[in-house]
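Engineer: fold the following, please.
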Amino acid sequence: MKKEEAKRIFRQYIKKQGLRNTRQREEILDVFLSSGGHITVDELFDKVKKRDSSIGYATIHRNLNLLLEAGLAEEIKIGKEKTRYEQMHMREHHDHLICLECGRFIEVVDENIEKLQNRLAEEKEFTPVRHKLEIYGYCKKCR
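Structural biologist: Okay, the predicted model is just below:
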């Protein structure tokens, strides 16, 4: 259901932009939604190429931008590392611990963090729309 709902949203967004929904777009979308993690353009390109060698790098990059615009993906940029893309549709909100040595992403779901953020916003009479928390450091393996 999650995947089909994301596909429906993407198709509607494409149509609203006056673009055609092509087989290549469907292939890229399917691979992205199946990736399950934090993926770079290069990693997505490699996975898509295994399914359809006719799809070029620029096509994948353009479609990732459409996924961002449609609200189905989010960019995660760490310093000089390559940008990673994460699925956003129907996922539980989570934050990230990011290792500066190996680049590992650890997803964190912590109700206390959410409560603290909400309390801070309320105290400052601020209405949050969205947020992301990224904590940079070193994982156990890299210390």
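Engineer: contacts and neighbour counts: CA atoms only from here.
Structural biologist: Will do.
Engineer: using PDB, write out every CA atom in the lowest-mean-pLDDT helix or strand in the chain.
Structural biologist: Each helix and strand of the chain was given a mean pLDDT (mean pLDDT, DSSP states H and E); the minimum falls on strand 105-108 at a mean of 82. What follows is strand 105-108, C-alpha atoms only, in PDB (Å, rounded to 0.1, in the frame of the first residue of the first chain):
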ATOM      1  CA  PHE A 105      23.400   6.800   9.100                       C
ATOM      2  CA  ILE A 106      21.700   5.600  12.200                       C
ATOM      3  CA  GLU A 107      18.000   6.400  12.300                       C
ATOM      4  CA  VAL A 108      16.600   7.400  15.700                       C
END
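Engineer: so which elements touch that strand?
Structural biologist: Applying 3 or more CA pairs under 8 Å, 6 or more residues apart in numbering; DSSP states H and E, one finds that strand 105-108 contacts strand 95-99.
Engineer: partner strands of the least confident helix or strand of the chain and their direction?
Structural biologist: Sheet pairing for strand 105-108, assigned by DSSP bridges, gives strand 95-99 (antiparallel).
Engineer: what does the partner strand contact?
Structural biologist: 104-109, 132-139, 142 (CA atoms under 8 Å, 6 or more residues apart in numbering).
Engineer: pLDDT averaged over that strand - what is it?
Structural biologist: In this model, strand 95-99 has a mean pLDDT of 85.
Engineer: same deal with stretch 132-143?
Structural biologist: On average, stretch 132-143 scores 89.
Engineer: how about residues contacting that stretch?
Structural biologist: Under the contact criterion CA under 8 Å, 6+ apart, stretch 132-143 has outside partners 94, 95, 96, 97, 98, 99, 100, 101, 102, 104.
Engineer: okay, those in JSON lines with neighbour count and distance to residue 21 next?
Structural biologist: Below are the contacts of stretch 132-143 laid out as JSON lines (neighbours: other CA atoms under 10 Å; distance: CA to CA, whole Å):
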{"residue": "94", "neighbour count": "17", "distance to residue 21": "31"}
{"residue": "95", "neighbour count": "19", "distance to residue 21": "32"}
{"residue": "96", "neighbour count": "17", "distance to residue 21": "33"}
{"residue": "97", "neighbour count": "18", "distance to residue 21": "36"}
{"residue": "98", "neighbour count": "19", "distance to residue 21": "35"}
{"residue": "99", "neighbour count": "20", "distance to residue 21": "38"}
{"residue": "100", "neighbour count": "17", "distance to residue 21": "38"}
{"residue": "101", "neighbour count": "13", "distance to residue 21": "40"}
{"residue": "102", "neighbour count": "11", "distance to residue 21": "37"}
{"residue": "104", "neighbour count": "15", "distance to residue 21": "34"}
